[in-house]
Structure formats: C-alpha cells, structure tokens
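A.B. asks: after the sequence you'll find the predicted model.
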Amino acid sequence: MLEREEQTTRVKKISNFTEAKSIGIIYDATIVENHHIVREFVKQLREEKKNVKALGYVDSKVARDFQVAKLEFDFFLKSDLNWYNMPGHHVVDNFCHEPYDILIDLTVNKTLPLLFVLNWSKAKCKVGSQKNSSDTFYDIMINIEKNTQLKYLIQQVKHYLTIINTPRNA
C-alpha cells in the first residue's frame, strides 16, 4: 500500500543543526526506554533553542502512563490505524503538515505506520537510518548496520547534522 502512496509535495532544503529552527522527530514509543531516550534528546535540542515536536507510535490499542501527550510530545496508537496500517489521527495530520526544517526518523526497525508519516511529512529535510527504508524517503541517510541501538542512531544523527555544510544560497 505504501508503494502506491504519492509522496507529499514539499520544498527540499538540506539543513544542519546550526541553521535549523524547527525539528520534528518520529519514533517507536512502544517501549518506555525508547521514550526516555528520545525525551532526553528533545531536551538537549530545546536547550539549543530549537522548536521541537516528537510524534511517537505506540504498537498497542491502549496507551500507558508515559504515552500521554505533553508539550513536545504527541502519540498515536495501533487503534488509530486503518486496515492498511495507515494512521488516521488528527495529531498525525497536524504533524505532517508542519514544514519542519529537519524531520528525524529515529526508528531502527521498519515501522509501517511511521513510514506513512515520513512519506506524508512536509519537512524540508528528512533524516533517518539507511537500514530502515529505501532512499526515496530520506534526504540524508545514516548507515547504522554495525549498531542498531537507538542511542547510537541519535549519536550519529547529532554528529552528521552538526558537521554537514549547507549551500549558502539554497
């Protein structure tokens, strides 16, 4: 089904952490440890004066205590998916319509509902794991084959988005 989906029309522009003002993050929030790791990353980005919004997918029909919407976090559940695993929740629509400077996909394993979000997002620059998906979704892909830990992926994203040079007149 995802292969037949058209990619959202968006303005593409490679950004680094210095230039980016708004950052969107998608991740698998099913496991509490993942949420804590992403929450720490969001905190670091906010300390750098970035406008950050994280969207977590919960592979369950019932949310747990930590999976409640807060200022920088929204969630959608398995019960928010249709027959094709396409999300149909207003928080997903709102997230996808926001033209973030950078969208960071922090999934280390293929998660179909989050691939729909990635595809629909109007973010200018999409970054994620090369292992996770095909190159049609990302503007910057990071190879994490040797280490599929979430902390490692975040470390690599931070490294490459810090050192990347962007065109001056883009």
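C.D. replies: Perfect, thanks for sending it. Numbers count the residues shown, from 1 in each chain.

A.B. asks: just the pLDDT for the residue most central in space within the chain.
C.D. replies: Residue closest to the average C-alpha location in the chain (Cα atoms, centre = their mean): Ile26, at 2.7 Å. Ile26 carries a pLDDT value of 98.

A.B. asks: for it, grab phi and psi.
C.D. replies: In this entry, Ile26 is assigned phi and psi values of phi -120, psi 140 (degrees, to the nearest 10).

A.B. asks: ditto for Asp93
C.D. replies: Dihedral angles for Asp93 - degrees, to the nearest 10 - are phi -60, psi -50.

A.B. asks: related to what we said a few turns ago, check contacts around the residue nearest to the centre of the chain.
C.D. replies: Ile26 makes contact with 54-57, 95, 103-107, 114, 117-118 under the criterion Cβ atoms under 8 Å, 6 or more residues apart in numbering. Quick note: C-beta positions are derived from backbone N, CA and C, even for glycine.

A.B. asks: got the residues you listed as CSV, with pLDDT and secondary structure columns?
C.D. replies: As requested, those are arranged in CSV below (pLDDT from 0 to 100; DSSP: H, G, I helix; E, B strand; the rest coil):
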residue, pLDDT, secondary structure
Ala54, 97, strand
Leu55, 97, strand
Gly56, 95, strand
Tyr57, 95, strand
Phe95, 97, helix
Leu103, 98, strand
Ile104, 97, strand
Asp105, 96, strand
Leu106, 95, coil
Thr107, 91, coil
Leu114, 94, helix
Val117, 96, helix
Leu118, 94, helix
